[in-house]
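Novice: give me a model of this one.
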Amino acid sequence: MESVENPAEIMHIKEIVEKRLANKAPKKTIDEMLSYLTRYRLTEDEVNQILDRLEEELNDNAIEPGEPVGIVAAQSIGEPSTQMTLRTFHYAGVRELNVTLGLPRLIELVDAKKVPSTPLTYVYLEEPYRYDRDKAIELARRIELTKLINVASKIDIDLATNTAIVSLDPEMLNDKGLDIDEVTQALKKHIKRAEILVSNENPYDIVIRFEEPINPLKVEKIRDRILNVKLKGIKNINKVIIQKRGNEYVLVCEGSNMKELMSTEGIDYRRIRTNNIKEVEEVFGVEAARSLLIEEIANVLEEQGLEVDIRHIMLLADMMTRTGTIRQIGRHGVAGTKESVLARASFEITVKQLVDAAVHGDTDDLEGVAENVIVGNYAPVGTARIKLVYNPNIKI
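Specialist: Modelled structure (predicted):
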């Protein structure tokens, strides 16, 4: 069939669609319908027949007044999640990195954990780093957190001479793009009251001569302090892997630090993304965190082959973010901070909840499901939500 090319015809179809679907369908649905209808040369009657079918579908899928959407959402997410595996790790496209998936990841998300067990950041680059592998490697070396432990082959502490000798691995130094001078400068910056110099016998040995005698009980502590000296990189970016996606290079980072990454030269701050919900909330705000939460939960369920309507996940995310910050679903979040005294008491610590409510003189308006079930009332859902009563004995 021929597509519609006449601007007047396209405008006429647009007017019909917008008049019929305004305030009935989402903007995305209206745009898709316009795209399909202008692709083929249809009569006005045919356009109206298609829109009739669409309106029927919209009406059939609309939520009835009084529908307990919260219970439906809880059941729709809870039942499929019982089919999820306990398999924790899955390689994130490369053998060197893994990411938590399945039930452990879903629990992390609904518990609003501050730091995920396997935080990942996907860093997209600007030109000239985007298309040049050598430039991408240079940037990866610059942002990857490198400590002395990453380039040292061994460390010996001699109590008799009051010294520590750090032996560096030449291959690792080259791989991380470091030289001896940079290592010695970093040690001088972090270790005070000690003389730091390169050994005359071996150029890859660094001698740390302490001014005060080393306490034998603190040898392990001194060793750890030396090995954890930061040489370069961004805090929490523990590992960086370079991937080619399409015609550009992308950095996959183990760990997250959005603020510092976004201010690093060569990184496209508009396309950077992480799986750390709390960090996104701190940097971009609660709306961005809500969007990421929906996306992450949907991805976890989809990866397990489970189909859950996105609207159930959106409702869950709305409840977690409705106060302006992300709260977990459990006792310290949504469930534990309900306004109803009886609902809180039915959740846990019953006696304490009732005593506290009595002391403070709280009242319960019995607006939810749990509290009405406790006192033997109809739950205010479905037909029980309507307060209209019909008396057949009264004649009008």
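Novice: output the contacting helices and strands for the host helix or strand of residue 16.
Specialist: Per DSSP states H and E: residue 16 is located in helix 7-21. Of the remaining helices and strands, those touching helix 7-21 by 3 or more C-beta pairs under 8 Å, 6 or more residues apart in numbering; DSSP states H and E are helix 27-37, helix 44-61. Every residue, glycine included, has its C-beta placed from N, CA and C.
Novice: nearest to residue 271 among those would be which one?
Specialist: helix 27-37 (22.1 Å; C-beta to C-beta).
Novice: nearest residue to residue 182 in space, please, no chain neighbours.
Specialist: residue 231 (6.6 Å; C-beta to C-beta, 6 or more residues apart in numbering).
Novice: and the one you found, what does it touch?
Specialist: Residues near residue 231 by C-beta atoms under 8 Å, 6 or more residues apart in numbering: 146-148, 150-151, 176, 178, 182-183, 186.
Novice: and which of those residues is nearest to residue 367?
Specialist: residue 147 (55.3 Å).
Novice: where's the closest one relative to residue 255, distance?
Specialist: Computed with C-beta to C-beta, to the nearest Å, the distance linking residue 147 and residue 255 is 13 Å.
Novice: tell me where the stretch 151-300 of the chain has helices.
Specialist: 170-176, 180-190, 219-227, 258-262, 277-284, 286-303 (DSSP state H, counting those that start in this stretch).
Novice: can you list these in JSON lines and add mean neighbour count?
Specialist: Listed next are the helices of the stretch 151-300 of the chain as JSON lines, based on neighbours: other C-beta atoms under 10 Å:
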{"stretch": "helix 170-176", "mean neighbour count": "14"}
{"stretch": "helix 180-190", "mean neighbour count": "15"}
{"stretch": "helix 219-227", "mean neighbour count": "14"}
{"stretch": "helix 258-262", "mean neighbour count": "16"}
{"stretch": "helix 277-284", "mean neighbour count": "19"}
{"stretch": "helix 286-303", "mean neighbour count": "18"}
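Novice: follow-up on the earlier one: please identify every residue contacting each of residue 147 and residue 255.
Specialist: If you check residue 147 and residue 255 against C-beta under 8 Å, 6+ apart, no residue is contacted by both.
Novice: more neighbours: those two, which one.
Specialist: residue 255 (21 against 17; other C-beta atoms under 10 Å).
Novice: for that one, list the residues it contacts.
Specialist: So residue 255 contacts 119-121, 145, 236-239 (C-beta under 8 Å, 6+ apart).
Novice: now the two most distant members of these.
Specialist: Spanning the widest gap among these are 120 and 145, at 14.7 Å by C-beta to C-beta.
Novice: ok, the closest residue to residue 113 other than its chain neighbours - contacts?
Specialist: Excluding the flanking residues, the one nearest residue 113 by C-beta to C-beta, 6+ apart is residue 278, at 7.5 Å. Neighbouring residues of residue 278 by C-beta under 8 Å, 6+ apart: 112-115, 289, 326.
Novice: tally of neighbours for the residue nearest to residue 194 when sequence neighbours are not counted?
Specialist: Closest residue to residue 194 apart from its sequence neighbours, by C-beta to C-beta, 6+ apart: residue 210 at 4.8 Å. Neighbourhood size, residue 210 [other C-beta under 10 Å]: 16.
Novice: rewinding a little: where among the helices and strands packed on helix 7-21 is the average confidence lowest?
Specialist: Lowest mean pLDDT within the helices and strands packed on helix 7-21: helix 27-37, a mean of 83.
Novice: go through that helix and flag the buried ones.
Specialist: 30, 33-34, 37 (16 or more other C-beta atoms under 10 Å).
Novice: quick one: mean pLDDT over the helix holding residue 16.
Specialist: 82.
Novice: contacts for it?
Specialist: So helix 7-21 is in contact with 4, 29-30, 33-34, 37-38, 42, 44, 47-48, 51, 54-55, going by C-beta under 8 Å, 6+ apart.
Novice: quick check, nearest of those residues to residue 384?
Specialist: residue 55 (29.7 Å).
Novice: rewinding a little: can I get the contacts of residue 255 in CSV with distance to residue 201, pLDDT and neighbour count?
Specialist: Output for the contacts of residue 255, formatted as CSV (distance: C-beta to C-beta, whole Å; pLDDT from 0 to 100; neighbours: other C-beta atoms under 10 Å):
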residue, distance to residue 201, pLDDT, neighbour count
119, 42, 91, 20
120, 43, 91, 19
121, 42, 92, 23
145, 31, 89, 20
236, 37, 89, 18
237, 35, 91, 24
238, 33, 89, 16
239, 33, 88, 14
